[in-house]
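Engineer: Next comes the sequence, and after it the predicted model I'd like to discuss.
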Amino acid sequence: MIRVHPLVPAALAAVLSVSSAQAAAVVGQPAPDFSAPDTTGATRSLSAYKGKFVVLEWVNFECPFVGKHYGSGHMQKLQKDYTGKGVVWLSVNSSTAGSQGYYASDKVNALMKQKGAAPTAYLLDTAGTIGRAYGAKTTPHMFIVDPKGTLIYAGGIDDTPSTDQADIATAKNFVSTALDEALAGKPVTTASSQAYGCSVKY
Amino acid sequence: MAVAAWAVAASAGAAPSVSRHVQVELVPEVESIRPGQPFNVGLLLRMDPEWHTYWKNPGDSGLPTRLTWTLPEGFQAGPIAWPLPGTFTQGPVTSYGYAKEVLLAVAITPPPSIAAGTSVTLAARADWLECRDVCLPGRRDLSLVLPVKSETPRPSAQWAPTFAAARARVPQPATGWTFEAQENAGRIVLDMHPPRTQPAIRRAYFFAERGGVIDHAATQAFSHVVASYRLEMMPAPNAARLRALEGVLLTDGAGGPKAVRVDVKTKEKP
């Protein structure tokens, strides 16, 4: 449940007590390993994908920012384009059980089929362990891991914070740009950005 | 500064097309306008209980409220005068915004050429994101008609008090203060030297006005030596090296709560 601080002066104490020993994945450092169930019942570990590029996409189908990128077919196209090039694409849902965007596997699979979503797998991070390890704040929030297991991108999907599908055409997509550069053996020019979206429902 | 005096009862509004939990209205501070003389209008957002909208930096999630103006020829709209926001925390996610009610005031400058005895229509599209634990986008086309008169504009009996209350919540220039900012050992350090007239400060919090600078969710450590104060903040994950610190400093202590603007370039390392 959300905690609201109704501002000063009492809220100053509350503001000051907002604590966080929050880890966050750091670009250029080894990406935190994880192991989590997917919606087929299989267990997926980051370390199993050594030798491949891996995209992590934080998702919540009820969030209007996610709706922007799925309603337009944009996210599905990225998933198909890059898994077609050998990239592993893991959608991760860190919604705690009972919160918005949390569904059991059968419902997720039905929704993915209906949307034409095509990630390699959809991970159920119900405890929020992966989300907290990476510092995932929003849906979407995007991360890219290189074949050596190093984080090479962390941030937003593009440079235009909005819920409007019409903005996708003119936005600069950080994820496809980073993947294109990395797949061509080039350094990633924009390796981090401010993610935008709904809060992850931890 | 009467920062705490703004709580106004929220009222449930008519539902626009997308939004369901925020009522919006474009309101004037004056009954009429005068050629060439700036005046204020504002977007009044009234949130249902538990719902909020966002500050210019929404923090870890959300979107700032936006106004896109369509004005008669020669009219100029200024930036939004953002009142001090509050914080909303959900697990490791901290966002900045407003609950209950907020007035986002904008100064409009009309050209000197408009004729008294006519009227003008000011139109704006408002875009916002409203969230509780879940979020909905809101958009509404709004307009306001004001008469043009040669006499000095009278304050709006209905809205002038709302503007005065909102103005009291807008952070003030930090007159008499000096600030120093630096990045040191993985911390962003803001040293604050208030004017001598400033009563003792016991607590402080810094709202960065852009994302990707400080870690919004991390604790800010406050300390002081006599009348010099320090805030230590964690940088945002994967942030570029700090060049400037811009935002709002909220302090509290013997003088009560006070919010001032901070705009300081980082000290170059020797």
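Structural biologist: Yep, it's here. Numbers count the residues shown, from 1 in each chain, chains lettered A, B, ... in the order given.

Engineer: Would you confirm that A:A36 contacts A:R44?
Structural biologist: Yes. Contact status for A:A36 versus A:R44: in contact at 6.1 Å, counting by Cβ atoms under 8 Å. (Glycine included, C-beta is placed from N, CA and C.)

Engineer: Any residues of the stretch 1-150 of chain B in contact with chain A? List them.
Structural biologist: B:3-4, B:7, B:50, B:52, B:60-63, B:84-95, B:99, B:129, B:131-137 (Cβ under 8 Å from any Cβ of the partner chain).

Engineer: Could I have the buried ones of the residues you listed as ChimeraX selection syntax?
Structural biologist: The ChimeraX command for the buried members of the residues of the stretch 1-150 of chain B next to chain A (criterion: 16 or more other Cβ atoms under 10 Å in any protein chain shown) is given here:
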select /B:3,4,52,60,61,62,63,84,85,86,87,88,89,90,91,92,93,94,95,99,129,131,132,134,135,136,137
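
Engineer: For residue 142, name its beta-bridge partners.
Structural biologist: Picking chain A for this. Taking DSSP bridges as the rule, A:M142 bridges to A:E57, A:G155.

Engineer: Actually, chain B is the one I wanted.
Structural biologist: Assessed by DSSP bridges, B:L142 has beta-bridge partners B:A124.

Engineer: since we're on it, how many residues are nearby?
Structural biologist: Number of residues near B:L142 (other Cβ atoms under 10 Å in any protein chain shown) recorded here: 18.

Engineer: so what's in contact with A:A36 and A:R44 at the same time?
Structural biologist: A:L123 (Cβ atoms under 8 Å, 6 or more residues apart in numbering or on different chains).

Engineer: Contacts only, for residue 95.
Structural biologist: Going with chain A. The contact partners of A:S95, by Cβ under 8 Å, 6+ apart, come to A:N60, A:G101, A:Y102, A:T126, A:V200, A:K201, A:Y202.

Engineer: switch to chain B, that's the one I care about
Structural biologist: A:S199, B:Y54, B:P58, B:G59, B:D60, B:S61, B:G62, B:T87, B:F88, B:T89, B:C131, B:H216.

Engineer: Surely B:L250 is in a strand?
Structural biologist: Yes. Judged by DSSP: H, G, I helix; E, B strand; the rest coil, B:L250 forms part of a strand.

Engineer: Confirm for me that it is in contact with B:L84.
Structural biologist: Yes. B:L250 is within contact range of B:L84, at 6.5 Å (criterion: Cβ under 8 Å).

Engineer: Run through the chain and note the low-pLDDT ranges.
Structural biologist: All of this is about chain A. Residue ranges of chain A with pLDDT under 70: A:1-23.

Engineer: I was thinking of chain B, sorry if that wasn't clear
Structural biologist: Using pLDDT under 70, chain B drops low at B:1-19, B:268-270.

Engineer: Check the gap between the residue most central in space within it and B:T109 for me.
Structural biologist: Per Cα atoms, centre = their mean, the C-alpha nearest to the average position across chain B is that of B:W82, at 1.7 Å. Separation of B:W82 from B:T109 (Cβ to Cβ, to the nearest Å): 19 Å.

Engineer: do B:H224 as well
Structural biologist: Relative to B:T109, and taking Cβ to Cβ, B:H224 is found at 42 Å.

Engineer: cool, B:Q37 as well?
Structural biologist: In this view, B:Q37 and B:T109 are 8 Å apart by Cβ to Cβ.

Engineer: Who are the packing partners of the helix or strand where B:T87 lies?
Structural biologist: Using DSSP states H and E, B:T87 falls within strand B:86-90. Here strand B:86-90 touches strand A:3-5, helix A:10-17, strand B:52-59, strand B:93-99, going by 3 or more Cβ pairs under 8 Å, 6 or more residues apart in numbering or on different chains; DSSP states H and E.

Engineer: After the second one, which helix or strand is next?
Structural biologist: Sequence-wise, the next helix or strand downstream of helix A:10-17 (DSSP H and E) is strand A:35-37.

Engineer: So for whichever helix or strand comes after that following strand, what gets flagged as buried?
Structural biologist: Next helix or strand after strand A:35-37 toward the C-terminus (DSSP H and E): strand A:43-45. Neighbour counts over strand A:43-45 (16+ other Cβ under 10 Å) mark A:R44 as buried.

Engineer: can you pull out the strands in chain A?
Structural biologist: Counting by DSSP state E, chain A has strands at residues A:3-5, A:35-37, A:43-45, A:54-58, A:88-93, A:121-124, A:138-139, A:142-145, A:151-155, A:198-199.

Engineer: wouldn't A:S91 be in contact with A:P119 here?
Structural biologist: Yes. The pair A:S91 / A:P119 is scored as a contact, 4.3 Å apart, by Cβ under 8 Å.

Engineer: joint contacts of the two?
Structural biologist: With contacts taken as Cβ under 8 Å, 6+ apart, A:S91 and A:P119 have A:E57 as neighbours in common.

Engineer: Can you name the residues that contact A:Y196?
Structural biologist: A:F65, A:T138, A:G156, A:P161, B:S61, B:L63.

Engineer: Rebuild those as TSV, extending it with distance to B:A166.
Structural biologist: Converted to TSV, the contacts of A:Y196 look like this (distance: Cβ to Cβ, whole Å):
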residue	distance to B:A166
A:F65	29
A:T138	29
A:G156	31
A:P161	25
B:S61	25
B:L63	21
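
Engineer: and which of those is nearest to A:E181?
Structural biologist: Nearest to A:E181, judged by Cβ to Cβ, of the contacts of A:Y196 is A:G156 at 16.6 Å.

Engineer: And the residue nearest to that closest one when sequence neighbours are not counted, how far from B:V189?
Structural biologist: Leaving aside its sequence neighbours, A:G156 sits nearest to A:A195 (Cβ to Cβ, 6 or more residues apart in numbering or on different chains; 4.4 Å). Distance, A:A195 to B:V189, using Cβ to Cβ: 25 Å.
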